[in-house]
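J.: I'll drop the sequence and a predicted model, then ask my questions.
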Amino acid sequence: MKITAPNLPNMPWQDRPAGNSEVMWRYDANPVIKRDHLPNYSNSIFNSAVVPYKDGYAGVFRVDNRTVRMRIHAGFSKDALNWDIDPNPIEFVDSPDEDAKFVYGYDPRVVEIDGKFYVTWCNGYHGPTIGVAWTEDFKTFHQLENAFLPFNRNGVLFPRKINGKFAMFSRPSDNGHTPFGDIFYSESPDMVHWGVHRHALGTVKIEKGWQSTKIGAGPIPIETSEGWLLIYHGVQTSCNGYVYSFGAALFDLEKPWKCIGRAAPYLIAPWKDYEMIGDVPNVCFPCASLVDGETGRIAVYYGAADTATCLAFSRVQDIVQFIKDNPETY
């Protein structure tokens, strides 16, 4: 199977533990970024995004400060494990009209397209919507227009243009803690004007399973010869509230709103104490991945209990096979 990704021989990695047969396994030193990583400032650091940058890595991090306001911060690392996160939130050197500027920031994603790093996040504009910005050095950030009308979350760009257009998954929502949500596809000629909206993936209502309440796109889709591999979160409404897990699906390469396979079981669900205990219990929320194109190794960064940032590992080939071997047939 061909994987379109750079070679990252220095990416974070741990071999599968002896006796472990899971398709994805956790880093044994989780969490990699703790809630108090920025002393006397951060309440929590989670649901963040990282990418290869120069001879190391860069990222945009969700940092809820000790007023519990949601901000996004830039950071750098040599090994993608030990992070130097700027204690000051990102300030945009330019932004759209005053009515559409940065209001708040959470759950960012980052992707490189044609030499620029694009950042998407949940921005405020009469409720949540998708903010968009770009940078070349993770020091100077330029804000573009919000992509969509409110209410919307989980804006995830594709890593290349499709049929000459920028492409994005998102999850239309409401102004509260949304009790519903499917994944939609949209495209744009210029990263400003978005249209050609297509329904891409819905919830699975069978017996109130792990993805029965709502779903949302996670890390940047991974291009393979088998299709676009998307790791996405799913939410179940239990008798004790929401439970966030994550799984995987494949989409057509040229028509990415067409799902060609999804796994019925989840990949990771809240099992560990650091995923079950925190500001928001029972949450595993993926926002970023690093992929080695040569070996297929994948490291997934996910927020744990809306408090800290964790890692899990697998191989792209194994996840694709997992989808084929465990199809959702609803």
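T.: Sure, I can see it.

J.: Please make it C-alpha for all contacts and neighbour counts, starting now.
T.: Noted.

J.: Could I get the contacting residues of residue 34?
T.: By CA atoms under 8 Å, 6 or more residues apart in numbering, the contact set of residue 34 is 44-45, 307-309.

J.: can you tell me which of those lies nearest to residue 69?
T.: Closest approach to residue 69 among the contacts of residue 34 (CA to CA): residue 44, at 10.4 Å.

J.: Look up phi and psi at that closest one.
T.: With angles defined as degrees, to the nearest 10, residue 44 sits at phi -170, psi 150.

J.: on that earlier part again, list just the nearest of the contacts of residue 34 to residue 22.
T.: Closest to residue 22, out of all of those and judged by CA to CA, is residue 309, at 20.7 Å.

J.: Surely the closest one and residue 302 touch.
T.: Yes. Applying CA atoms under 8 Å, one finds residue 309 in contact with residue 302, separated by 5.8 Å.

J.: related to what we said a few turns ago, could you list which of the contacts of residue 34 belong to strands?
T.: If you go by DSSP state E, the contacts of residue 34 have 44-45, 308-309 in strands.

J.: and those as a markdown table, adding neighbour count?
T.: Written out in a markdown table, the entries for the ones in strands among the contacts of residue 34 read as follows (neighbours: other CA atoms under 10 Å):
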| residue | neighbour count |
| --- | --- |
| 44 | 27 |
| 45 | 27 |
| 308 | 28 |
| 309 | 29 |
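
J.: how about those, which pair is most distant?
T.: 44 and 309, at 9.0 Å, using CA to CA across the ones in strands among the contacts of residue 34.

J.: What's opposite the nearest residue to residue 160 once chain neighbours are set aside in the beta bridge?
T.: In space, residue 160 comes closest to residue 113 once its chain neighbours are excluded; the distance is 5.8 Å by CA to CA, 6 or more residues apart in numbering. Residues in a beta bridge with residue 113, per DSSP bridges, are residue 116.

J.: could you list every residue that touches residue 113?
T.: With CA under 8 Å, 6+ apart, residue 113 has these contacts: 159-161.

J.: Please apply the same query to residue 230.
T.: 217-222, 248-251.

J.: one more time with 6 Å
T.: Listed by CA atoms under 6 Å, 6 or more residues apart in numbering, the contact partners of residue 230 are 221, 248-249.

J.: all helices for this structure, in order.
T.: Using DSSP state H, the helices of the chain run over residues 273-276, 316-325.

J.: Just tell me which of these ends up closest to residue 186.
T.: Of the helices of the chain, nearest to residue 186 by CA to CA is helix 316-325, at 24.1 Å.

J.: Name the residues of that closest one that come out as buried.
T.: 316-317, 319-320, 322-324 (16 or more other CA atoms under 10 Å).

J.: Same check on stretch 56-75?
T.: Buried, per 16+ other CA under 10 Å, within stretch 56-75: 57-65, 70-75.

J.: Go through those and flag which are in strands.
T.: 57-65, 70-75.

J.: out of these, who's nearest residue 89?
T.: The nearest member of these to residue 89, counting by CA to CA, is residue 73 at 4.6 Å.

J.: where's the closest one relative to residue 100, distance?
T.: Separation of residue 73 from residue 100 (CA to CA, to the nearest Å): 20 Å.

J.: Same question for residue 232.
T.: 28 Å.

J.: Comparing those two, which residue is more hemmed in?
T.: Higher neighbour count among residue 232 and residue 100: residue 232, with 25 against 17, using other CA atoms under 10 Å.

J.: and that one, what are its bridge partners?
T.: residue 217, residue 247.

J.: okay, how far is it across stretch 26-39, tip to tip?
T.: Termini of stretch 26-39 sit 26 Å apart (CA to CA).

J.: What are the buried residues along that stretch?
T.: By neighbour count with 16+ other CA under 10 Å, stretch 26-39 contains the buried residues 26-27, 30-38.

J.: Find the nearest non-adjacent residue to residue 242, please.
T.: Per CA to CA, 6+ apart, closest to residue 242 is residue 236, 5.7 Å.
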